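**Student:** Predicted coordinates and the sequence they were generated for:
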Amino acid sequence: MSTTYATDIYQGNGSETEFDLTFQFISRDHINVVIIAGADGAETVLTVIETGTPAGNEYRWENDTRIKVGTAPTSDQKIRIRRDTPENQQLVPWSDGSYLLSQDL
């Protein structure tokens, strides 16, 4: 289970392929990028690539606040960048401290 905590939505213009994230996140794995069709609202989930130039329905991280998609969304499409943080897994590892032990948590 995950909860959406932050979302950026940009209107396409047929030429823009780089988009900024305006929110913070713990892990890039928590970020989902989707193209939304204007006519019927159909969503196409983009796949992240680690290296190279993204093509088609792919995107790549330029840095921790910007992504680059392979195909620019058209003027009747939107791009949605969303942080879906899992609620059922530990995100930050606990370690023993001077007053609070990880086993006590």
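**Tutor:** Arrived safely, thanks for sending.
**Student:** Sketch out the low-pLDDT regions of the protein for me.
**Tutor:** Applying pLDDT under 70 to the chain picks out residues 1-4, 90-105.
**Student:** Quick one: the helices in it, in order.
**Tutor:** Using DSSP state H, no helices are assigned anywhere in the chain.
**Student:** Could you pull out the strands in it for me?
**Tutor:** 2-11, 18-20, 31-37, 43-45, 47-49, 58-63, 66-69, 77-86 (DSSP state E).
**Student:** Redo those strands as JSON lines? Include mean neighbour count.
**Tutor:** For the C-beta atoms, the positions are set from N, CA and C on the backbone; glycine is no exception. Formatted as JSON lines, the strands of the chain follow (neighbours: other Cβ atoms under 10 Å):
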{"stretch": "strand 2-11", "mean neighbour count": "13"}
{"stretch": "strand 18-20", "mean neighbour count": "15"}
{"stretch": "strand 31-37", "mean neighbour count": "18"}
{"stretch": "strand 43-45", "mean neighbour count": "12"}
{"stretch": "strand 47-49", "mean neighbour count": "14"}
{"stretch": "strand 58-63", "mean neighbour count": "15"}
{"stretch": "strand 66-69", "mean neighbour count": "18"}
{"stretch": "strand 77-86", "mean neighbour count": "18"}
